[in-house]
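Student: coords please:
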Amino acid sequence: MAQDEFLEDDLDDQKTVEFIKNALPQDLKDKYTDDILYYILDVINDYFTTSGVLDQEPDADGCIDIDNDALVEYIIKEAKKDKIGSFPADEIILIVEAEADYVDSLGE
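Tutor: Below you'll find the predicted structure:
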């Protein structure tokens, strides 16, 4: 990967984190720091690349089915394993949904 691609990925992650922070309820904005949100984005990307989700055939609309419950469980398990923190599923799903909304907004 070239230096420009790394910078572009960093900029995209920064925009994604800002989008997620704006989507979170006020009481969660302080709890989920930028570092934690970057970590969660990395875990989401890891899940997509290792779970086989991206190997699915898209439907007629070009979409693939993503099991958000499995993704949330994966994030919670990895965060505990990596000693990042213990997070409730009802908060992680908000981050997962905000990340998906951001990705969807890029295609509009």
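
Student: which parts of this structure are helices?
Tutor: For the chain, applying DSSP state H gives helices covering 3-23, 26-29, 34-50, 68-81, 89-106.

Student: phi first, then psi, for residue 56.
Tutor: phi -70, psi 150 (degrees, to the nearest 10).

Student: was I right about it contacting residue 65?
Tutor: Yes: contact criterion C-beta atoms under 8 Å: residue 56 and residue 65 qualify, at 6.6 Å. Yep, even glycine has a C-beta here, placed from its N, CA and C like the rest.

Student: neighbour count: the two, which is higher?
Tutor: For residue 56 versus residue 65, neighbours defined as other C-beta atoms under 10 Å are more numerous around residue 56 (11 against 8).

Student: now for the helices of the chain, which one comes closest to residue 61?
Tutor: Closest approach to residue 61 among these (C-beta to C-beta): helix 89-106, 11.9 Å.

Student: run the chain-centre distance for the closest one.
Tutor: Taking C-alpha atoms, centre = their mean, to the nearest Å, one finds the center of helix 89-106 at 7 Å from the center of the full chain.

Student: can you redo the helices of the chain as CSV with distance to residue 60?
Tutor: Formatted as CSV, the helices of the chain follow (distance: least, C-beta to C-beta, whole Å):
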stretch, distance to residue 60
helix 3-23, 27
helix 26-29, 36
helix 34-50, 21
helix 68-81, 21
helix 89-106, 17
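
Student: so where is this protein shaky, pLDDT-wise?
Tutor: For the chain, the stretches flagged by pLDDT under 70 are 1-11, 54, 58, 62-64, 108.

Student: residue most distant from the centroid, it?
Tutor: In the chain, residue 60 marks the outermost C-alpha relative to the chain mean, sitting 24.5 Å out by C-alpha atoms, centre = their mean.
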